[in-house]
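1. here is a sequence together with a model predicted from it:
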Amino acid sequence: MAAGATVQIDTTPLEGVLVLTPKRFGDDRGFFSETYSRKQLAEAGVGMEFVQDNLSRSERAGTLRGLHFQSPPHAQDKLVRCNTGALWDVAVDARTGSPTYGQWFGIELTDENGKQLLVPKGFLHGFVTLTDGVEIAYKCSDYYAPDCDGAVRWDSLGIDWPLDGREPVLSGKDAAAQPFSDFQSPFEA
Ligand SMILES: Cc1cn([C@H]2C[C@H](O)[C@@H](COP(=O)(O)OP(=O)(O)O[C@H]3O[C@H](C)C(=O)[C@H](O)[C@H]3O)O2)c(=O)[nH]c1=O
């Protein structure tokens, strides 16, 4: 971590998908952390601008939301963190022509590890909760555009979801999503 920086940025096997670990300044009250710094990300070559913050709460462990995307012209970069509890977050490369097309990367984000996942445009995003009462907060680089909203079935890509053999809690939309084999990607590498 560069001098003065308050965020560690690590790469993943998927180009552009990054793991951010903001520094926590602990004391006997607890801790302080800068959870987002446009300047520090720009200095690290991560120049996306965020315009919308989202918060969702999932009451039960095993709740799975995804795999979602917004198509161009409203594709979204997302910076995801877990504010309460623990979740397993996944990004899937959906960029036609990418050498890692269809490959996924998953990571545990928790309120204790404070880690964040940067999911660029062109990647599907989803997560499954590992505890009850999970709150996920994420920044988006474009506004919600229902006409551009899309989903791919969570179980159509061989992702090793940590479900311990249980069926996930799904929305109707996610239960009815198309399999990846039918997916016509709107993204290019
Ligand atoms: C995403 C979104 C939703 N909504 C409304 C639309 C529905 O009435 C309600 C629930 O939407 P949905 O069921 O799509 O929420 P999630 O299943 O949590 O979807 C999200 O979860 C995955 C993991 C994501 O990465 C996306 O941000 C997003 O697709 O919120 C809005 O008003 N604005 C928004 O930006």
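-> It's in. Residues are numbered from 1 along each chain as shown.
2. for the rest of this, base every contact and every neighbour count on C-alpha atoms.
-> Fine.
3. now do the helix ranked longest in the chain, average pLDDT.
-> The longest helix of the chain (DSSP state H) is helix 38-43. The average pLDDT within helix 38-43 is 92.
4. cool, and stretch 128-142?
-> 98.
5. in that stretch, what counts as buried?
-> Neighbour counts using 16 or more other Cα atoms under 10 Å place 128-132, 134-142 of stretch 128-142 among the buried residues.
6. who are the contact partners of the residue of the chain positioned farthest from its centre?
-> Within the chain, D28 marks the point farthest from the mean C-alpha position, 31.5 Å out by Cα atoms, centre = their mean. By Cα atoms under 8 Å, 6 or more residues apart in numbering, no residues touch D28.
7. which bits of this structure sit near the ligand?
-> R65, G66, H68, H125, G126, F127, Y144 (Cα under 6 Å from any ligand atom).
8. could you check how far the first one is from G26?
-> As for R65, its distance to G26 is 32 Å (criterion: Cα to Cα, to the nearest Å).
9. strands - which of the buried residues of stretch 128-142 land there?
-> Taking DSSP state E, the ones among the buried residues of stretch 128-142 that sit in strands are V128, T129, V134, E135, I136, A137, Y138, K139, C140.
10. these two touch, right, the first one and D89?
-> Put plainly, it is V128. Yes. Contact criterion Cα atoms under 8 Å: V128 and D89 qualify, at 6.7 Å.
11. where does pLDDT dip in the chain?
-> 1-5 (pLDDT under 70).
12. what does the next helix-or-strand element following the longest helix of the chain contact?
-> Going down the chain from helix 38-43, the next helix or strand is strand 52-58, by DSSP states H and E. Contacts of strand 52-58 with the rest of the structure, by Cα under 8 Å, 6+ apart, involve 129, 132-143.
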